[in-house]
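Participant: need a structure here:
(one chain, ligands or ions: 4)
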Amino acid sequence: MGLKPTKKLVLIGNGMAGMRTVEHVLKLAPDAYEITVFGAEPHPNYNRIMLSSVLAGGADLKDIVINHPSWYAENWIKLHLSEEIVKINNDKRRVISASGIEADYDVLILATGSSPFMLPIPGARKEGVIGFRDINDCERMMKASRHYHKAAVIGGGLLGLEAARGLLHLGMEASVVHIHPYLMERQLDEPASRMLQRELEAQGMKFLLQKQTAGIYGQRRAEGLEFADGSSLAADLIVMAVGIRPNVDLAKAAGLKVERGIVVDDHMETSVPGVYAVGECAQHRGITYGLVAPLYEQGSVLAKRLAGVETPGYTGSVTSTKLKVSGVDVFSAGFFADTPGTRSLRIQDELDGTYRKIVLQDDKLVGAVLFGDTSDGASLFAKIKSGESVAGKEKELLLGYAPGQAANASPASRLAAMAGDEIVCGCNGVTKETIVNAVKNGCTSVGEIKACTKASGSCGGCKPLVEGLLQLYAEGSSLEPVKEGICGCTSLGRDEIIASIKAMGLKSVKEVMNVLEWREPEGCTKCRPALNYYLGMLWPSDYTDEKESRFANERYHANIQKDGTYSVVPRIYGGVTSPADLKRIAAVAEKYDVPMVKFTGGQRIDLLGVKKEDLPKVWEELNMPSGYAYGKALRTVKTCVGSTFCRFGTQDSIGMGVRLEKAFERLNTPGKVKLAVSGCPRNCAESTIKDLGVIAIDGGWEIYVGGNGGVKVRVAELLCMVKTEDEVVEWTAAFLQYYREQAGWNERTAHWVERVGLESIKGALENHEERTALVERLEQTLSRSTDPWKEIVQDAELRKNFEPLPKVEPIMK
Ligand SMILES: Cc1cc2nc3c(=O)[nH]c(=O)nc-3n(C[C@H](O)[C@H](O)[C@H](O)COP(=O)(O)OP(=O)(O)OC[C@H]3O[C@@H](n4cnc5c(N)ncnc54)[C@H](O)[C@@H]3O)c2cc1C
Ligand SMILES: NC(=O)c1ccc[n+]([C@@H]2O[C@H](COP(=O)([O-])OP(=O)(O)OC[C@H]3O[C@@H](n4cnc5c(N)ncnc54)[C@H](O)[C@@H]3O)[C@@H](O)[C@H]2O)c1
Ligand code: SF4
Ligand code: FES
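Facilitator: Ligands and ions are numbered 1, 2, ... in the order given. Next up, the predicted model:
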């Protein structure tokens, strides 16, 4: 420190926004102020955001401190902990703490944050009823979990869901009571919200929707909740997460203009000159914010103002949020609702568990919702913030790739294509360019980049991107990163993971994550199903499929529809049915009020709109095998009528198709697999746009592979020509097993064939010995497969999974 400062700066509130402002001031004008900080909490400034991770086991309390006491001392800051300021004397320009400490100021910053809103209902003050705001709350929940088992969280917003996830981690039963019909209604539309709910249910969370809490019952300690509809829920820990209220009492008493928050102008100055407010307690242009990114923007503007650096002022923020629950990727930004004057585009892939919605207004992107894969969140948010015209680029934004570019372009090429001014770390407003410069200036780890730029220092959501940039731009690395993880939880790629599983004999998803040091202990929606698949593929004889690592569709063995009902597709081999099967399907459809019965593109019958609780009965009464219309597995074998009826047919395509479908049904594959068999080169079964298509020719068959008729049409390539039906089956088996062993999870054959090249596949399969070995390994896998519907129908425990959500008992008064 150089000259003795002449002005006194007092900060009330040792939290995230206030201390970020002080840090900025120290950078811009290190000698300008003598700084005193008052904090009501007994801790130095810590990362409040990470409390969710602490509760969920992803961090330790000691890991979340942002500024250690030594940092304050090094920067000549006088720090008063456990000292609440109870009075501001504007005339004397002095503040007074609860214990009587007085401090004079020339500049005063109020950064008092918010408090959880506690519902004013009978029983709200009972023991065991808490908010979730600070370290103390976190410790109370941890302590309660050691003695009690049933927790209820009131509020299905960001905080409530993160709290519930943490409580599950602590071994408690966690029920979320939400007043709206669907969760996170402030951030998500209904389809995304329903997908989220299903994922969280799979993690063990329970939900009571459209429930208004009327009171909390119990003696001294809470024992449960009573609802307005007369029902109740037992709970011995109740966490209220129904929103926050800015802490404004102190400012109000001091005569500052206060509405919902402390009213400030564009330079964060309150109605009293020299007195400023930042963070959640401040109200700017009518808005109070509850996320760090806008609060940090405010802090940066205020610091400039205090350091005498010219600034146009703060003009307000567009916000984006990400739910920090491991295993669930949800992103929401801007105006996501469908309102008059806006146009929404969306795609939902129930199979991959992904949802994308973009909202446009006057050719600009104004909002976005992503579920399942949030890797494009940063770039969509950048477009929303820039306000640039996106006319003509709507499809690119919706699909997440430029026309002509591969749909699943590698994360590395996406990072490389990112513009320099695109924000990578939303919490701290750090651009790609800033991170790349830090790397070029010698930062060699994410920790160093954090220390240098703040990126990844708050919610941690951008860590995978920061790590990706580090790998991409570190000296000596090629344009492709050295290592590209299968998801943000690891930097290990598919091949490394498979090699480690084999070498170390790892036998469960959890074991792989532990031994290979996953960053997220629970993994995510990308890696859990991938590991489950790899383990099943590598250990066909003794691996037990982990249902909880599969998408909801695969767990329930039915496709979930937009409205929460399911579709049921029984197997119809080769598209050939019988009057008896048709009668049974019709009877079930009538009995269970199935609203729609539809023929699918794969020549089957789809019963749409089946209620979850009816699924076991529907399967039982259909008494037909599962068609696997929901899984990454063999789907359909489409056939034309072939030589049996068609005058052009040279071979029995129906017989061949039925044989293939019976041979490979229930086979799990990296991506869904569709087959087709055509009876002559007229190709009526569209064999050339299937993963594997067979076409009859004079005296034999042609086998084509790697075709796709979906978003990006790809024509299949000729793998081989064979003479007999047995050879068709053998080559198909060998190709499917080679695909199972070589492709990445979720990689369709079209992409895989394009990536590795047809010649390499031909090379492997042409060798008779290798082909035979592949067929044997495939048969070993198939020998253990059983029909999932039959299993569920016969198992009372499994049937319970389909029962309606927790029964709420009526309360006896
Ligand atoms: C569990 C949890 C998870 C969150 N996750 C995210 C997230 O992922 N992303 C995100 O953007 N935001 C998240 N938030 C919100 C984010 O933490 C807040 O927006 C941010 O901390 C607000 O900063 P602040 O400085 O305004 O208030 P705070 O950080 O609350 O700081 C205010 C401080 O002032 C003190 N204080 C109040 N009155 C006085 C007084 N009179 N005298 C002295 N001291 C006083 C308080 O004790 C407190 O320490 C989360 C919040 C919680 C609780
Ligand atoms: N990942 C993140 O970004 C993150 C995480 C945690 C907290 N936060 C922030 O912390 C603050 C607090 O979070 P929050 O979730 O409490 O606030 P919120 O206002 O975002 O959500 C509160 C939720 O509670 C529901 N609710 C209201 N009254 C209810 C009632 N009587 N019964 C049941 N449900 C009721 C609302 O419908 C709403 O969905 C917010 O500013 C939030 O943005 C952010
Ligand atoms: S592909 Fe050939 S055999 Fe099959 S229906 Fe068409 S014309 Fe007939
Ligand atoms: S986005 Fe939250 S720390 Fe970077």
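
Participant: State whether Arg682 is indeed within a helix.
Facilitator: No - assigned with DSSP: H, G, I helix; E, B strand; the rest coil, Arg682 falls outside any helix and is coil.

Participant: Numbering from 403 from now on, please.
Facilitator: Let's use 403 as the start, then, which means that last one is Arg1084.

Participant: tell me the contacts of it?
Facilitator: With contacts taken as Cβ atoms under 8 Å, 6 or more residues apart in numbering, Arg1084 has the following neighbours: Phe1050. Where you see a C-beta, it was placed from the backbone N, CA and C, and this is true even at glycine.

Participant: Got phi/psi on it?
Facilitator: phi -70, psi -20 (degrees, to the nearest 10).

Participant: residue ranges with poor pLDDT in the stretch 803-952 of the chain?
Facilitator: Within the stretch 803-952 of the chain, the ranges that satisfy pLDDT under 70 run 803-814, 877-886, 951-952.

Participant: Actually, the chain.
Facilitator: For the chain, the stretches with pLDDT under 70 are 403-406, 753, 803-814, 877-886, 951-955, 964, 1206-1215.

Participant: Quick test: name the residue nearest the centre of it.
Facilitator: Among the residues of the chain, the one closest to the centroid is Asp731, at 0.6 Å (Cα atoms, centre = their mean).

Participant: Kindly tell me how buried the residue nearest to it when sequence neighbours are not counted is, as a neighbour count.
Facilitator: Among residues not flanking Asp731 along the chain, Thr776 sits closest, at 4.4 Å (Cβ to Cβ, 6 or more residues apart in numbering). Using other Cβ atoms under 10 Å, Thr776 has 23 neighbouring residues.

Participant: The residue nearest to Ala876 when sequence neighbours are not counted: what's it in contact with?
Facilitator: Closest residue in space to Ala876, ignoring its immediate chain neighbours: Val841 at 5.8 Å, by Cβ to Cβ, 6+ apart. Counting by Cβ under 8 Å, 6+ apart, Val841 touches 851, 871-872, 875-876.

Participant: what secondary structure does Val841 sit in?
Facilitator: Applying three-state DSSP: Val841 is helix.

Participant: mind checking how far it is from ligand 2?
Facilitator: 27 Å (Cβ to the nearest ligand atom, to the nearest Å).

Participant: pull the CA atoms of stretch 444-459 into PDB?
Facilitator: What follows is stretch 444-459, C-alpha atoms only, in PDB (Å, rounded to 0.1, in the frame of the first residue of the first chain):
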ATOM      1  CA  PRO A 444     -19.300 -15.300  11.800                       C
ATOM      2  CA  HIS A 445     -17.500 -16.400   8.600                       C
ATOM      3  CA  PRO A 446     -15.300 -14.600   6.100                       C
ATOM      4  CA  ASN A 447     -16.800 -14.000   2.600                       C
ATOM      5  CA  TYR A 448     -17.800 -17.400   1.200                       C
ATOM      6  CA  ASN A 449     -19.400 -18.700  -2.000                       C
ATOM      7  CA  ARG A 450     -23.100 -18.900  -1.000                       C
ATOM      8  CA  ILE A 451     -23.900 -20.600  -4.400                       C
ATOM      9  CA  MET A 452     -21.800 -23.600  -3.400                       C
ATOM     10  CA  LEU A 453     -23.900 -24.300  -0.300                       C
ATOM     11  CA  SER A 454     -26.000 -26.500  -2.600                       C
ATOM     12  CA  SER A 455     -22.900 -28.500  -3.500                       C
ATOM     13  CA  VAL A 456     -21.800 -28.700   0.200                       C
ATOM     14  CA  LEU A 457     -25.200 -30.200   1.000                       C
ATOM     15  CA  ALA A 458     -25.000 -32.600  -1.900                       C
ATOM     16  CA  GLY A 459     -21.500 -33.800  -1.000                       C
END
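
Participant: Any buried residues in it, and which?
Facilitator: Residues of stretch 444-459 classed as buried under the neighbour-count rule (16 or more other Cβ atoms under 10 Å) are 445-458.

Participant: quick one: which of those residues is nearest to ligand 2?
Facilitator: When the buried residues of stretch 444-459 are compared for distance to ligand 2 (Cβ to the nearest ligand atom), Ser454 wins out at 6.1 Å.

Participant: ok so, going back, you'd agree the residue nearest to Asp731 is up against Val730?
Facilitator: No - between Thr776 and Val730 there is no contact under Cβ atoms under 8 Å: 9.7 Å.

Participant: Need the buried residues of stretch 444-459 in a markdown table (columns: distance to Gln621).
Facilitator: Formatted as a markdown table, those follow (distance: Cβ to Cβ, whole Å):
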| residue | distance to Gln621 |
| --- | --- |
| His445 | 33 |
| Pro446 | 38 |
| Asn447 | 39 |
| Tyr448 | 35 |
| Asn449 | 37 |
| Arg450 | 33 |
| Ile451 | 36 |
| Met452 | 35 |
| Leu453 | 30 |
| Ser454 | 31 |
| Ser455 | 34 |
| Val456 | 31 |
| Leu457 | 27 |
| Ala458 | 31 |
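
Participant: out of the residues you listed, what pair is the most spread apart?
Facilitator: By the measure Cβ to Cβ, Pro446 and Ala458 form the most distant pair in these, at 22.8 Å.

Participant: For ligand 4, tell me whether the strand or helix carrying Lys852 is touching it.
Facilitator: Secondary structure from DSSP states H and E places Lys852 in helix 848-855. No - Helix 848-855 lies out of reach of ligand 4 by Cβ under 6 Å from any ligand atom, never closer than 8.5 Å.

Participant: For that helix, output the C-alpha coordinates as PDB.
Facilitator: What follows is helix 848-855, C-alpha atoms only, in PDB (Å, rounded to 0.1, in the frame of the first residue of the first chain):
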ATOM      1  CA  VAL A 848      -8.400 -24.400 -14.100                       C
ATOM      2  CA  GLY A 849      -7.400 -23.200 -10.700                       C
ATOM      3  CA  GLU A 850      -4.900 -20.700 -12.100                       C
ATOM      4  CA  ILE A 851      -7.500 -19.500 -14.600                       C
ATOM      5  CA  LYS A 852      -9.900 -19.000 -11.800                       C
ATOM      6  CA  ALA A 853      -7.400 -17.100  -9.800                       C
ATOM      7  CA  CYS A 854      -6.500 -14.900 -12.700                       C
ATOM      8  CA  THR A 855     -10.000 -14.300 -14.300                       C
END
